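1. Compute the structure for the input listed below.
(one chain, ligands or ions: 2)
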Amino acid sequence: MTDEQEKVPGGAVRVGVLGARGRMGAEVCRAVDGADDLALVAAVDQGDELSAAASAEVVVDFTTPDVVMDNLRWCIDQGVHAVVGTTGFTGQRLEQVRGWLAARPDVGVVIAPNFGIGAVLMMQFAARAARHFESVEIIEQHHPRKLDAPSGTATHTARLVAQARAEAGLGPAPDATKDEVPGARGADIDGVRVHAVRATGLLAHQEVLFGTLGETLTIRHDSYDRVSFMPGVLLAVRAVRQRPGLTVGLDALLD
Ligand SMILES: NC(=O)C1=CN([C@@H]2O[C@H](COP(=O)(O)OP(=O)(O)OC[C@H]3O[C@@H](n4cnc5c(N)ncnc54)[C@H](OP(=O)(O)O)[C@@H]3O)[C@@H](O)[C@H]2O)C=CC1
Ligand SMILES: O=C(O)C1=N[C@H](C(=O)O)C[C@H](O)C1
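-> Residues are numbered from 1 along each chain as shown. Ligands and ions are numbered 1, 2, ... in the order given. Modelled structure (predicted):
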């Protein structure tokens, strides 16, 4: 047993945070520190050795899309459960993680594009509404220090909406655009247009705009503070050891 483990109060889950000096990582460190049933045993950031997190039972990753796969590979190989908020998870990446987990069936990984409870509900409501409207577009708005566009949340929402539209037999949304300045109509994610706005003062916001004859429906979610993600992160940290394999999204945990 290491010195760090010896310090952990009896029964507390040992948690390591990757990206610990980042905006989200620092908030997660505070949240873990403030929870009686969790103990922060490692705070790892750029330049630190991953092995510093070896005494953790659960690692939380809020780093960057270019390093998160290496981090996950390490966690799974070490038998450390992982809760991941970092974006950039394509279908191919999720398959890769499932492949690694097949060799370690005792390990659990939760990957969620958004840990905000309201954001999870916004995505569920959007998926439910999708079959009833011929038009849909997504507008996400974030702080200007965000590295990726569109956001992981918007990409995930677009995929859910596209799947619901396909199941309902809906074709492409009507759009007569012939002349377009590149980018004016947003990114095409599985046939759904996604527009990304970046502005100082914003944190994380999203609207899903649906339209049909004579009416529109707008489903909107706003995160004004990173504390909004913490109940979801802690929920996943507490649940992941009992969920071997890959869990994508918080939906299953909320239910
Ligand atoms: N799922 C969700 O609910 C949420 C997800 N996110 C996502 O989380 C990610 C992080 O966001 P945010 O906190 O704003 O970003 P930050 O840039 O503030 O934080 C990322 C941190 O990770 C560090 N880092 C880079 N490489 C490594 C490495 N190899 N090992 C350990 N740490 C490393 C960075 O260091 P350095 O700066 O020196 O490179 C930085 O401190 C993004 O993908 C974002 O989209 C954000 C909010 C909510
Ligand atoms: O970078 C952020 O800030 C956020 N990233 C996640 C995303 O890309 O969806 C979640 C939330 O939108 C905040």
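2. What parts of the stretch 51-200 of the chain come near ligand 1?
-> Residues of the stretch 51-200 of the chain lying close to ligand 1 by C-beta under 6 Å from any ligand atom are 62-65, 67, 85-87, 112-115, 152. Bear in mind the C-beta positions are built from the backbone N, C-alpha and C, glycine included.
3. What remains of these if I keep only buried residues?
-> Phe62, Thr63, Thr64, Val67, Gly85, Thr86, Thr87, Ala112, Pro113, Asn114, Phe115, Gly152 (16 or more other C-beta atoms under 10 Å).
4. Keep only those of the residues you listed that are in strands.
-> Among those, DSSP state E puts none in strands.
5. Tabulate those residues (TSV), appending pLDDT and distance to ligand 2.
-> Output for these, formatted as TSV (pLDDT from 0 to 100; distance: C-beta to the nearest ligand atom, whole Å):
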residue	pLDDT	distance to ligand 2
Phe62	98	9
Thr63	98	12
Thr64	97	10
Val67	97	15
Gly85	98	7
Thr86	98	9
Thr87	96	4
Ala112	98	9
Pro113	97	5
Asn114	98	5
Phe115	98	8
Gly152	97	4
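6. and which of those is nearest to Ala239?
-> Ala112 (11.3 Å; C-beta to C-beta).
7. Ramachandran angles for the spatially closest residue to the closest one that is not a sequence neighbour?
-> Take Ala112 and drop its neighbours on the chain: the residue closest to it by C-beta to C-beta, 6 or more residues apart in numbering is Leu250, 4.9 Å away. With angles defined as degrees, to the nearest 10, Leu250 sits at phi -90, psi -10.
8. Could you double-check that Leu250 lies in contact with Leu234?
-> No - using C-beta atoms under 8 Å, Leu250 makes no contact with Leu234, being 11.4 Å away.
9. These two - which one has more neighbours?
-> A count of neighbours by other C-beta atoms under 10 Å puts Leu250 above the other of Leu250 and Leu234, at 25 against 21.
10. who's in contact with that one?
-> Residues near Leu250 by C-beta atoms under 8 Å, 6 or more residues apart in numbering: Val110, Ala112, Asn114, Phe115, Ile117, Val120, Gly232, Leu235, Ala236.
11. give me that answer again for 6 Å
-> Ala112, Val120, Gly232 (C-beta atoms under 6 Å, 6 or more residues apart in numbering).
12. Where helices are concerned, which of those count?
-> Among those, the residues falling in helices (DSSP state H) are Val120, Gly232.
13. any idea which of the contacts of Leu250 is the one closest to Thr212?
-> Val120 (25.2 Å).
14. Burial check on that closest one, number of neighbours?
-> 21.
15. now Ile219
-> Using other C-beta under 10 Å, the number of residues around Ile219 comes to 19.
16. Which element, helix or strand, includes it?
-> Taking DSSP states H and E as the definition, Ile219 sits inside strand 215-223.
17. just to revisit the earlier point, among the contacts of Leu250, which one lies nearest to Lys178?
-> Closest to Lys178, out of all of those and judged by C-beta to C-beta, is Val120, at 38.2 Å.
18. The closest one: what's its closest spatial neighbour, skipping adjacent residues?
-> Leu250 (4.9 Å).
19. For Gly25, see how far away the one you found is.
-> Counting by C-beta to C-beta, to the nearest Å, the gap from Leu250 to Gly25 is 19 Å.
20. So what does the residue of the stretch 51-200 of the chain found nearest ligand 1 have for phi and psi?
-> Evaluated by C-beta to the nearest ligand atom, the stretch 51-200 of the chain has Gly85 as its residue closest to ligand 1, separated by 3.2 Å. Backbone torsions of Gly85, given as degrees, to the nearest 10, read phi -110, psi -10.
21. thought it was touching Thr63?
-> No - Gly85 lies out of contact with Thr63 (C-beta atoms under 6 Å); the separation is 9.3 Å.
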